[in-house]
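K.L.:
heads up, no residue letters with this:
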């Protein structure tokens, strides 16, 4: 019943604007359909008679019933936001992306079309393309008939290009700062080390703290943050990358979004739960290099990037092993992730080695 009312409301609100939004698309009517019903939101597609596929996508958010997350792990970000606040943030993010990245070669944009803050709902143009994450998964050794790396490498390069242009052009707002100093990074590294409570991690954290202290400036350079810059939030089709789901809640260190993207590549679920069997370094390394090379100038020192990447690695890893415990699936997922500790420690060692080598 709730979704039926939402469909009716959207059809009424969208109808007066549809000819302005899509003047090139003749039609005799519109229809709104529920596409996905998730705990956090309902996604709905907007269809026009005569069009081959959806022309717009609506997202109606729901308030989270819980706090900032289960478990007791340290976090980089704890602030909770209401459904209405998140809707306003996403609208602002889509608007900023359209203004800053609309003219970048190889980059697409989602047009924000209608904001309904009272219903925690927004409507945006629809992009029919698979995620970059799915292109990366096609490279897995466990996938029969796996494809070549071309699309994934191109997409990772465009992700770095997108982020560079976004950070150069997006205004640095007065939003709260997250990890704005070297001391903040060092404190969080130590907090994650204490949470993991392992002699092997203690050694890595000690090296990471030493690295961060040596290579990061006291005050970190800040930029507007995307909020969830990950391969799953990027659509790759026709050699164009479209970044979606922005939540620009904070000012963050310039490396933050890039490192979240890189860690998302290295700790993609299939790799973690197969304990490294899915992807070889010869597959993942070119993807990582494509993103970094398109973001940083060739002469840039990468040691600071690697130090911050270690922080994001530990944040993501502790989130995985501190994930939901409810139900058989949740317990099995959490147990499978915990068994991959050696894989993640190997990734931490790799980052420290790259920093020492300046790579």
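P.N.:
The structure has been received and is ready for your questions. Note that this is a predicted model, so its numbers are computed, not measured. Numbers count the residues shown, from 1 in each chain.

K.L.:
buried ones in stretch 185-196, by neighbour count?
P.N.:
By 16 or more other CB atoms under 10 Å, the buried positions in stretch 185-196 come out as 185, 186, 188, 189, 191, 192, 193, 195, 196. Bear in mind the C-beta positions are built from the backbone N, C-alpha and C, glycine included.

K.L.:
over to stretch 105-112?
P.N.:
Neighbour-count burial for stretch 105-112, counted by 16+ other CB under 10 Å, picks out 107, 108, 109, 110, 111, 112.

K.L.:
who are the neighbours in contact with the residue nearest to the fifth one when sequence neighbours are not counted?
P.N.:
To tie it back to what came earlier, the one meant is residue 111. Of all residues not flanking residue 111 in the chain, residue 125 sits nearest, at 4.1 Å (CB to CB, 6 or more residues apart in numbering). When contacts are counted by CB atoms under 8 Å, 6 or more residues apart in numbering, residue 125 touches 21, 55, 56, 57, 110, 111, 113.

K.L.:
kindly recompute the last result at 6 Å.
P.N.:
56, 110, 111 (CB atoms under 6 Å, 6 or more residues apart in numbering).

K.L.:
can I get these in CSV including distance to residue 88 and pLDDT?
P.N.:
Below are the contacts of residue 125 laid out as CSV (distance: CB to CB, whole Å; pLDDT from 0 to 100):
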residue, distance to residue 88, pLDDT
56, 19, 97
110, 16, 97
111, 17, 97
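
K.L.:
so which of those residues comes closest to residue 120?
P.N.:
Minimum distance to residue 120 across the contacts of residue 125 is 17.3 Å, recorded for residue 56 (CB to CB).

K.L.:
in contact with the closest one, which residues?
P.N.:
Counted by CB under 6 Å, 6+ apart, residue 56 has contacts 46, 123, 125, 126.

K.L.:
pLDDT value on residue 325, please?
P.N.:
As predicted, residue 325 sits at a pLDDT of 58.

K.L.:
please apply the same query to residue 64.
P.N.:
At residue 64, the model reports a pLDDT of 80.

K.L.:
how many residues are close by it?
P.N.:
A total of 15 residues lie near residue 64 under the criterion other CB atoms under 10 Å.

K.L.:
ok, it to residue 79 distance?
P.N.:
12 Å (CB to CB, to the nearest Å).

K.L.:
show me where the stretch 51-200 of the chain has helices.
P.N.:
83-101, 132-137, 150-169, 182-196, 199-215 (DSSP state H, counting those that start in this stretch).

K.L.:
nearest to residue 206, of the contacts of residue 125?
P.N.:
residue 110 (43.8 Å).

K.L.:
isn't the closest one up against residue 124?
P.N.:
Yes - with contact defined as CB atoms under 6 Å, residue 110 reaches residue 124; the gap is 4.9 Å.

K.L.:
what helix or strand is residue 45 on?
P.N.:
Taking DSSP states H and E as the definition, residue 45 sits inside strand 41-48.

K.L.:
note down every partner strand of that strand and its orientation.
P.N.:
With DSSP bridges as the test, strand 41-48 is paired with strand 30-37 (antiparallel), strand 56-61 (antiparallel).

K.L.:
what residues of that strand count as buried?
P.N.:
Under the neighbour-count criterion of 16+ other CB under 10 Å, strand 41-48 has 41, 42, 44, 45, 46, 47, 48 buried.

K.L.:
surely residue 73 and residue 318 touch.
P.N.:
Yes - if you go by CB under 6 Å, residue 73 and residue 318 touch, sitting 4.4 Å apart.

K.L.:
shared neighbours of those two, which are they?
P.N.:
With CB under 6 Å, 6+ apart as the test, residue 73 and residue 318 both reach residue 195.

K.L.:
circling back to that earlier point, how about the buried residues of strand 41-48 in a markdown table, adding pLDDT?
P.N.:
Converted to a markdown table, the buried residues of strand 41-48 look like this (pLDDT from 0 to 100):
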| residue | pLDDT |
| --- | --- |
| 41 | 96 |
| 42 | 97 |
| 44 | 98 |
| 45 | 97 |
| 46 | 97 |
| 47 | 96 |
| 48 | 94 |
